[in-house]
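In: Pasting a predicted model and its sequence here:
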Amino acid sequence: MKAYERVIQIILFISAIIAVLGVILITYFIINEGYPVIQKTGLMNFITGQKWAPTRGVYGIYPMIIGSLLVTLGALILGLPIGIGCAVFLAELAKPRIAGIIKPGIELLAGIPSVIYGLYGLVVIVPFIRKVFNNQGFSVLAGSIVLAVMILPTIINVSESAIRSVPKDYKEASLSLGSSHWQSIKNVIVPAARSGIVAGVILGMGRAIGETMAVIMIVGNSPLIPESILSSVRTLTGNIGIEMGYASGEHQKALFATGIVLFAFIMLLNLAANLIPKKVGE
Amino acid sequence: MTEMSITSGSVNKNKRNEKIAFAFLWLTAIITVAALVAIVGSVMINGVASLSIEFLTQEPANMGKDGGIFSIIITTIYLALFSIGIAAPIGIFAAIFLTEYAKEGPVIRIIRFGTESLAGIPSIIFGLFGYVFFVVFLRFRYSIVSGGLTLTLMILPTIIRTAEEAIKMVPRSYREGSLALGATKWQTIYKVVLPAAIPGILTGVILGIGRVVGETAAVIYTAGSSLGLPNSIWRPGRTMAVHLYILASEGLSKSNMYATATVLIITVLIINLTANRVIKHFIKA
């Protein structure tokens, strides 16, 4: 019986380290495949190079880095007020019956596949922008609008649980000092939940930077630094997704090199979100 | 007198500010729900008309321009079953290890960090990895196996996390009762803890299926995108999400694109509602 229990414990342990093994394998294989191109081009030339011309062996991903950052920034500008507002609403204002409608809605929003978001962007948002601004429609703006909706569930869920973890005494003390409910929210509850909200925002950023299919379908994908929010743009993820289908040889390795840069961004954001305490007093 | 009016003036101002602020909070919640309704609604309104039994049961013709999506539905189910079949046991075992066996310390911290990191990796990176590792390095080619194993890694964190929560919610007294009756640790887990945690574990598994069904970037470079029914797990195939992506980006057929999107959305809605039901059942029990 003892040996039997021991075997089971070993099986459980192996299962538990598969996730860690997965991260190590992913890191190793992406770097191993992409590093030669970075080495050949030079790291600085690779990330600050303005020209992406794989047919001539010129690999500069600066426009794509700017593209990813711009689209993400736009998504945050649009998504943050709505996301945090909705989190405060759910934690402080919503009656159980109304929360019972909104919360499953948010779960569904999180469950909708990115290709559906892309389709909606393609058939609704892009034509709308084309009509209003009289341009091609595929743009930073279109990407930002769709990503803003896509990151809402992350921001709302993390922020709401941070707000809910603020001890009731804080609010009661504030109310008993004569503050209104809104003043208590604004001056006491939200500031106390600050670090959890920031963690939610960082996770949302990670989702926006890492999104591929929805973005490819709506931003136009030209590998140039966009002149305005109405210009076409290509993101790091788009650079991989667009060309992976036909690239080979060094060109394909350059896409893995793009993956290394994307991976580095994501890992930094994950690390930052992990270091921030998510609940009051943690 | 003046002091009084100042106070009541500022109280009024406070009241007005509060009203404006609360109106804004209501608006944000309405926008969130409206976004969902707009996305689901606009796709379904355009798709329902082209939806028919034939669309679900016929093979695609002319690269998906005509015909239905029968083999595409089957491929999607294959891939979901394959990846869940591997990810569910591994994820549940990992959760048991983390909750029942591991002691707080560096090992558990590393495993937690690994799981969190895996959850944050974008699907396109999974796609790249799956391609270079499963398709090329292990020579599994574009196949259900390559796609399924890539997706296994992708959904593992969801399954581990929900299973962990579910196992943690089983009262300590259950375990103590079982151990006091002379059961071993594993017998206690297998016969007492797991059955009590099943609904919570199922929720994670169902959500995992949802992610597999909706995934594009990680699938297209691992399971491929070729049409036709894969007659073994070593053959490539095209899932619904990949099919939709190809139809939308190549502009082959508007009506088939919307119909595919509608089938995909309905599938995902059913999966999510089922997960929701299971959670509710769990909370009641």
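Out: Okay, I see it.
In: rest of the way, CA atoms for contacts and neighbours
Out: OK.
In: Identify the residues contacting residue A:207.
Out: With contacts defined as C-alpha atoms under 8 Å, 6 or more residues apart in numbering or on different chains, residue A:207 is in contact with A:151, B:120, B:122.
In: Which residues are in contact with the first one?
Out: By C-alpha under 8 Å, 6+ apart, the contact set of residue A:151 is A:75, A:79, A:204-205, A:207-208.
In: Let me see the mean pLDDT of the helix or strand hosting it.
Out: For residue A:151, the host element (DSSP states H and E) is helix A:140-164. Averaged across helix A:140-164, pLDDT comes to 96.
In: what does stretch B:162-182 give?
Out: 92.
In: What of stretch B:202-212?
Out: On average, stretch B:202-212 scores 93.
In: can you tell me if that stretch touches chain A.
Out: Yes - legend: contact between stretch B:202-212 and chain A by C-alpha under 8 Å from any C-alpha of the partner chain is shown at B:210-211.
In: what separates that stretch from the chain centre, distance-wise?
Out: Put simply, stretch B:202-212 sits 5 Å off its chain's centre (C-alpha atoms, centre = their mean, to the nearest Å).
In: Please name the residues that touch residue A:29.
Out: B:129, B:132-133.
In: mind listing the helices for the stretch 1-150 of chain A?
Out: The residue ranges that make up the helices of the stretch 1-150 of chain A, judged by DSSP state H, counting those that start in this stretch, are A:2-41, A:43-48, A:62-88, A:96-111, A:114-120, A:126-133, A:140-164.
In: is it possible to export the ones you listed to CSV including distance to residue A:217?
Out: What follows is the helices of the stretch 1-150 of chain A, written out as CSV (distance: least, C-alpha to C-alpha, whole Å):
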stretch, distance to residue A:217
helix A:2-41, 25
helix A:43-48, 24
helix A:62-88, 14
helix A:96-111, 19
helix A:114-120, 5
helix A:126-133, 10
helix A:140-164, 9
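In: So which of those is the most surrounded?
Out: Of all the helices of the stretch 1-150 of chain A, helix A:140-164 carries the top mean neighbour count, a mean of 26, counting by mean count of other C-alpha atoms under 10 Å in any protein chain shown.
In: So what's the residue count around residue 179?
Out: Defaulting to chain A. The local packing of residue A:179 (other C-alpha atoms under 10 Å in any protein chain shown) involves 17 other residues.
In: looking at chain B here, not the other one
Out: 16.
In: which ones are touching it?
Out: By C-alpha under 8 Å, 6+ apart, the residues touching residue B:179 are B:185, B:188.
In: where's it, which helix or strand?
Out: Per DSSP H and E: helix B:172-180 holds residue B:179.
In: for stretch A:31-41, the distance to its chain's centre please.
Out: Here stretch A:31-41 is found 25 Å from its chain centre; the criterion is C-alpha atoms, centre = their mean.
In: Also stretch A:96-106?
Out: For stretch A:96-106, the distance from its own C-alpha centre to the chain's C-alpha centre is 24 Å (C-alpha atoms, centre = their mean).
In: With stretch B:206-220 instead?
Out: Once both centres are worked out by C-alpha atoms, centre = their mean, stretch B:206-220 turns out to sit 6 Å from its chain's centre.
In: mind saving the C-alpha coords of it as CSV?
Out: Extracted in CSV, the C-alpha atoms of stretch B:206-220 (Å, rounded to 0.1, in the frame of the first residue of the first chain):
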residue,chain,number,x,y,z
ILE,B,206,-15.9,23.1,-20.1
LEU,B,207,-14.2,26.5,-20.2
GLY,B,208,-11.2,24.7,-21.7
ILE,B,209,-13.3,23.2,-24.4
GLY,B,210,-14.6,26.7,-25.1
ARG,B,211,-11.1,28.0,-25.6
VAL,B,212,-10.2,25.1,-28.0
VAL,B,213,-13.3,25.7,-30.1
GLY,B,214,-12.6,29.4,-30.4
GLU,B,215,-8.9,29.3,-31.0
THR,B,216,-7.3,30.3,-34.3
ALA,B,217,-3.7,31.4,-34.0
ALA,B,218,-2.5,28.4,-32.1
VAL,B,219,-4.3,25.9,-34.3
ILE,B,220,-3.7,27.2,-37.8
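In: Which residues does it contact?
Out: Residues contacting stretch B:206-220 (C-alpha under 8 Å, 6+ apart): A:111-115, A:212-213, A:241, B:76, B:79-80, B:83-84, B:123-128, B:130, B:147, B:150-151, B:155-156, B:158-159, B:238-242, B:245, B:264, B:268, B:271-272, B:274-275.
In: need the contacts of residue A:207 in a markdown table with distance to residue B:138, can you?
Out: Below are the contacts of residue A:207 laid out as a markdown table (distance: C-alpha to C-alpha, whole Å):
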| residue | distance to residue B:138 |
| --- | --- |
| A:151 | 35 |
| B:120 | 25 |
| B:122 | 22 |
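In: Find the centremost residue of the chain, please.
Out: If you meant another chain, say so; for now it's chain A. Nearest to the geometric centre of chain A sits residue A:207, at 1.7 Å (C-alpha atoms, centre = their mean).
In: right idea, wrong chain: chain B
Out: Most central in chain B (C-alpha atoms, centre = their mean) works out to residue B:211, at 3.1 Å.
In: Which helix or strand contains that residue?
Out: Using DSSP H and E, residue B:211 sits in helix B:194-214.
In: A helix includes the residue nearest to the centre of chain A, no?
Out: Yes - the assignment for residue A:207 by DSSP: H, G, I helix; E, B strand; the rest coil puts it in a helix.
In: measure whichever residue of the stretch 151-285 of chain B sits closest to chain A to residue A:153 for me?
Out: Going by C-alpha to the nearest C-alpha, chain A is nearest to residue B:214 of the stretch 151-285 of chain B, at 4.5 Å. From residue B:214 across to residue A:153, the span is 17 Å (C-alpha to C-alpha, to the nearest Å).
In: thinking again about what came up before, could you point out which element follows the helix holding residue B:179?
Out: Following helix B:172-180 toward the C-terminus (DSSP H and E): helix B:185-188.
In: burial of residue B:26, as a residue count?
Out: For residue B:26, using other C-alpha under 10 Å, the count is 19.
In: show me the contacts for the closest residue to it other than its chain neighbours.
Out: Closest residue to residue B:26 apart from its sequence neighbours, by C-alpha to C-alpha, 6 or more residues apart in numbering or on different chains: residue A:89 at 6.7 Å. Residues in contact with residue A:89 (C-alpha under 8 Å, 6+ apart) are B:25-26, B:29.
In: For chain B, which residues score under the pLDDT cut-off?
Out: B:1-10, B:282-285 (pLDDT under 70).
In: Is the residue of the stretch 51-200 of chain B found nearest chain A in a helix, a strand, or coil?
Out: As assessed by C-alpha to the nearest C-alpha, chain A sits closest to residue B:94 within the stretch 51-200 of chain B, at 3.9 Å. Counting by three-state DSSP, the backbone at residue B:94 sits in helix.
In: Ignoring the adjacent residues along the chain, who's closest to it?
Out: residue A:16 (3.9 Å).
In: Residue numbers of the stretch 51-200 of chain A in contact with chain B?
Out: Checking the stretch 51-200 of chain A against chain B by C-alpha under 8 Å from any C-alpha, the hits are A:81-83, A:85-86, A:88-89, A:102, A:104-109, A:111-117, A:119-120, A:149, A:152, A:180-183.
In: change it to 6 Å
Out: For the stretch 51-200 of chain A, the residues found near chain B under the criterion C-alpha under 6 Å from any C-alpha of the partner chain are A:82, A:85-86, A:89, A:113, A:182.
In: Export these to TSV and append columns for distance to residue B:49 and pLDDT.
Out: Converted to TSV, those look like this (distance: C-alpha to C-alpha, whole Å; pLDDT from 0 to 100):
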residue	distance to residue B:49	pLDDT
A:82	34	97
A:85	37	97
A:86	35	97
A:89	38	97
A:113	22	96
A:182	47	93
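In: Identify, from those residues, the entry nearest to residue B:71.
Out: Proximity of these to residue B:71 (C-alpha to C-alpha) peaks at residue A:113, which lies at 20.1 Å.
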